[in-house]
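A.B. asks: okay, predicted coordinates and the sequence, questions at the end:
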Amino acid sequence: MHTIADYELDTSRVVANIDIDCFGVQLAFQDWEFISSHPCATRNKGVISSANREAKRSGVYQRQRVRDALEVCPELELRDVTTLPLQIYEQKSDQLRDVVNRYVNGSPVEPNGTDELCIDLTAECYPNGNRYHDWKQLQAIGALVETSNGQYVYGTERWHQWSPFAKAVLIVSKIRQEFEATTGLKCSAGISYNKFLAKIACNHNKPNSMTVLMSKSGIARVFETTPIDSVEGLRGKLGQRILQELNVSNLIDLREYCLLSLTNRYGADGGQAWQRAWGIDCRPVIHFVGAKQIAKMKSYYPKAMDSTDLSDDVRQVCKAFVDKLNAELRTNGRVARRMRVECFRWDGHSNHCVFDVGLDARMSYQLEDIYDEVMEYIDLNQCNSGFRVSALDMYYGLDCGVMDEWHRYSSIRAYIVCMQFTRETVNWCQMALMMPVELTWVSLLVSTHSKGRYKTTPTTPLYMNCYIKFKV
């Protein structure tokens, strides 16, 4: 249930977002001066795997064919990443987290992929619990921006004398400097009152810059140039509907619509869009040490392959996948409930299968069990739908995105079985609600993630969301 606090900008927190600029491109080129002034991208065989901002402005994007990328951007500079070991990405990511942990003294740090993380610096900036709420001074100063040459703009001398955000700037600046000195990689940062605004600030002046959003007027100026379809949560179908139906382009334009009108038109998603338009985000920064998803993938390209080659490749991918699952079980005590196998063709057609995975008597995953399941799916897929892995330009992948803590493994499986909702589940929901209601449908999700995907940590409580529709 929402409270009035959910619809006001909470200015009591200090949150920073740090993002390594064009991570893959920096690792491949190792020449920042060239990267910052030329369109550059990395390729994995015949596909674009990453691109810098100059290349993206020209129409280059991930998973694009190399020949298509060269058509839209003939001056594109390419490097092959097949020679780079995959461990180097994890190594640089771990180095960033190590540098951050040396400066934050136990503050929550939430990774968002291998090249980005979010930090709650509230305890660092307000050690005595004091808060500044002088909006007149803040509006006079506006946003703080560190340019690529290390200079500050927008009247920062006066700002540094009293603002508690000054300590956040110093902490993040030291993190960026030490990370660059250690790895040679540059990163951008954003600081504001919540995760959403910190992310917007981080992206506003990329690359190699730091932006602080602390005044309402400064936030409004940034939103004037923030496209709606670039905002987290509004990039998909909802964002397209808003663009077409409301005839708006930037995030600031959504402020013309009240909360009631957006929720009546788009439901709960409309309420979230309204909150984003006013910079509101109540999500906490959660220190999450486990991976959101464990996956392995293999790409195939048009070439002659026999069944032996395919079988060997599948076994190699399955072995790497099983090793990751067993390592996750040993390190974080989490187990996978379901595994998905997907075949994807570059013409847009895809097919996938989801099945349960279990542990053997020795409490570990076995290669042969998963290998047999994958091969059976691939064989049936080729026979029934014409997906010829050995003949088409395609990939298949294995992933587990549903992880349980081991001590909750048995009880959760008792309620959720392949997302099929039985009458017992409905009865359980009625008892949980303690209401004599008649339900038309109930979807029960075990989730600590806003999008319904399950993730948990030793300090995160387990809860269940019930989505209920009443008969009229």
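C.D. replies: Good, I have the coordinates.
A.B. asks: can you name the next helix or strand after the longest helix seen in the chain?
C.D. replies: Secondary structure of the chain per DSSP state H: the longest helix is helix 307-332. Next helix or strand after helix 307-332 toward the C-terminus (DSSP states H and E): strand 334-336.
A.B. asks: my guess is residue 216 contacts residue 9. True?
C.D. replies: Yes. Applying C-beta atoms under 8 Å, one finds residue 216 in contact with residue 9, separated by 7.5 Å. For glycine as for every other residue, the C-beta is placed from the backbone atoms N, C-alpha and C.
A.B. asks: list the buried residues of the longest helix of the chain.
C.D. replies: Neighbour-count burial for helix 307-332 flags 310, 314-315, 317-318, 321-322, 324-326, 328-329, 332 (criterion: 16 or more other C-beta atoms under 10 Å).
A.B. asks: packing partners of it?
C.D. replies: strand 294-300, strand 334-336, helix 367-385, strand 394-400 (3 or more C-beta pairs under 8 Å, 6 or more residues apart in numbering; DSSP states H and E).
A.B. asks: below-threshold pLDDT in the stretch 201-350 of the chain: ranges please.
C.D. replies: 288-310, 332, 337-338, 340, 342-350 (pLDDT under 70).
A.B. asks: and the strands in it?
C.D. replies: 210-212, 294-300, 334-336, 338-345, 350-356 (DSSP state E, counting those that start in this stretch).
A.B. asks: can you report phi and psi for residue 177?
C.D. replies: phi -70, psi -40 (degrees, to the nearest 10).
A.B. asks: meant to ask about residue 17
C.D. replies: The phi/psi pair for residue 17 (degrees, to the nearest 10) is phi -120, psi 130.
A.B. asks: any idea how many residues pack against it?
C.D. replies: Using other C-beta atoms under 10 Å, residue 17 has 27 neighbouring residues.
A.B. asks: what pLDDT does it get?
C.D. replies: Predicted confidence (pLDDT) for residue 17: 95.
A.B. asks: report the contact partners of it.
C.D. replies: By C-beta atoms under 8 Å, 6 or more residues apart in numbering, residue 17 lies in contact with 116-119, 189-191, 195, 198-199, 201-202.
A.B. asks: hey, what's it bridged with?
C.D. replies: Going by DSSP bridges, residue 17 is paired in beta bridges with residue 118, residue 190.
A.B. asks: list the contacts of residue 322.
C.D. replies: Residues near residue 322 by C-beta under 8 Å, 6+ apart: 365-367, 370.
A.B. asks: same deal with residue 238?
C.D. replies: Residue 238 touches 266, 269, 273, counting by C-beta under 8 Å, 6+ apart.
A.B. asks: can you check residue 28 too?
C.D. replies: 42, 79, 81, 84.
A.B. asks: tell me the strands beside the strand or helix carrying the first one, with direction?
C.D. replies: So that's residue 42. Per DSSP H and E: residue 42 is located in strand 40-44. Sheet pairing of strand 40-44 (DSSP bridges) gives strand 47-51 (antiparallel), strand 77-80 (parallel).
A.B. asks: can you dump the C-alpha atoms of that strand in CSV for me?
C.D. replies: Taking C-alpha atoms only, strand 40-44 is exported to CSV below (Å, rounded to 0.1, in the frame of the first residue of the first chain):
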residue,chain,number,x,y,z
CYS,A,40,34.4,2.4,-32.0
ALA,A,41,32.9,-1.0,-31.4
THR,A,42,33.9,-4.5,-30.6
ARG,A,43,32.9,-7.6,-32.6
ASN,A,44,32.4,-11.2,-31.7
